[in-house]
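Asks: Take this sequence and fold it.
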Amino acid sequence: MNEPHPLPSVIVVMGVSGSGKTTVANELARQLGWEFEDADWFHPPANVEKMHSGIALTDEDRWPWLNAIARWIDEVRAAGRHGIVTCSALKRRYRAILIDGRPDVRLVYLKGDASLIARRIATRHEHFMPASLLASQFEALEEPGPDEHPITLSIEPGPREIAAQIISELRLRTENAPTH
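Replies: Below is the predicted model of the structure:
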């Protein structure tokens, strides 16, 4: 008999810049009463300056940033808390740093087309990620595969609806998850 599994300890909300990660994750954290962290806050100043200048980050730039996010995830898990963190997590190897070996961490992929996202980025103010880097984000994007068990959702609905869909998916998946 299948017993319901508890909700995950941490949810990683991923997608390209402008996909609504922060807005959706904030709404999800509000609805669940969980902690929220934005991966942007983990960037060292040199990364922020590069992006602000329109220079795409290299993998070497990203490793310390991803490791800092992974440390936060482990702190939340170790303390028995629940959290949501946003992270572009564009490549499988980036997601591996955040999720591999952590069965209680779930991935949510906010998926949208480049034209919609470009329109959204154009309306943002005071963000260090310029629209000029959107193409590089899509070029780097490796969409999560089925083996990563992502919850993949369209970015077209509003943030409240997307958050509600995530909660619904999590409950469906935890109720139907096989026991080990």
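
Asks: now the strands: where do they sit in this structure?
Replies: In the chain, the segments counted as strands under DSSP state E are 10-14, 35-38, 83-86, 105-111, 151-154.

Asks: out of these, which comes closest to Glu161?
Replies: strand 151-154 (9.4 Å; CB to CB). C-beta here means a position set from N, CA and C on the backbone, and glycine is covered the same way.

Asks: what packs against the closest one?
Replies: strand 105-111, helix 159-176 (3 or more CB pairs under 8 Å, 6 or more residues apart in numbering; DSSP states H and E).

Asks: mind listing what the nearest residue in space to Leu28 that is not next to it in sequence touches?
Replies: Distances taken as CB to CB, 6 or more residues apart in numbering put Ala163 closest to Leu28, at 4.2 Å, once the chain neighbours are dropped. Applying CB atoms under 8 Å, 6 or more residues apart in numbering, we find Ala163 in contact with Val24, Glu27, Leu28, Arg30, Gln31.

Asks: Which pLDDT value belongs to Ala163?
Replies: Looking at Ala163, its pLDDT reads 96.

Asks: distance of it from Glu27?
Replies: Ala163 is 4 Å from Glu27, where distance means CB to CB, to the nearest Å.

Asks: And Arg93, by the same measure?
Replies: 29 Å.

Asks: More neighbours: those two, which one.
Replies: Between Arg93 and Glu27, Glu27 has the larger neighbour count (other CB atoms under 10 Å), namely 21 against 14.

Asks: Pull the number of nearby residues for the closest residue to Leu107 other than its chain neighbours.
Replies: Once flanking residues are discounted, Leu107 sits nearest to Pro150: 4.5 Å by CB to CB, 6+ apart. By other CB under 10 Å, the residues close to Pro150 number 20.

Asks: ok, Leu66 - contacts?
Replies: Cys87, Tyr94, Ile97, Leu98.

Asks: hmm, 6 Å instead?
Replies: Counting by CB atoms under 6 Å, 6 or more residues apart in numbering, Leu66 makes contact with Tyr94, Ile97.

Asks: What pLDDT is listed against His125?
Replies: At His125, pLDDT is 56.

Asks: just use 42 as the starting number from now, easier for me
Replies: Okay, using 42 as the starting number, the last item reads as His166.

Asks: that older thread, mind listing what the residue nearest to Leu148 touches?
Replies: Leu148, Tyr150, Pro185.

Asks: let's go with 10 Å and repeat that
Replies: Listed by CB atoms under 10 Å, 6 or more residues apart in numbering, the contact set of Pro191 reads Val53, Met55, Arg136, Ile140, Arg147, Leu148, Val149, Tyr150, Lys152, Glu184, Pro185, Glu210.
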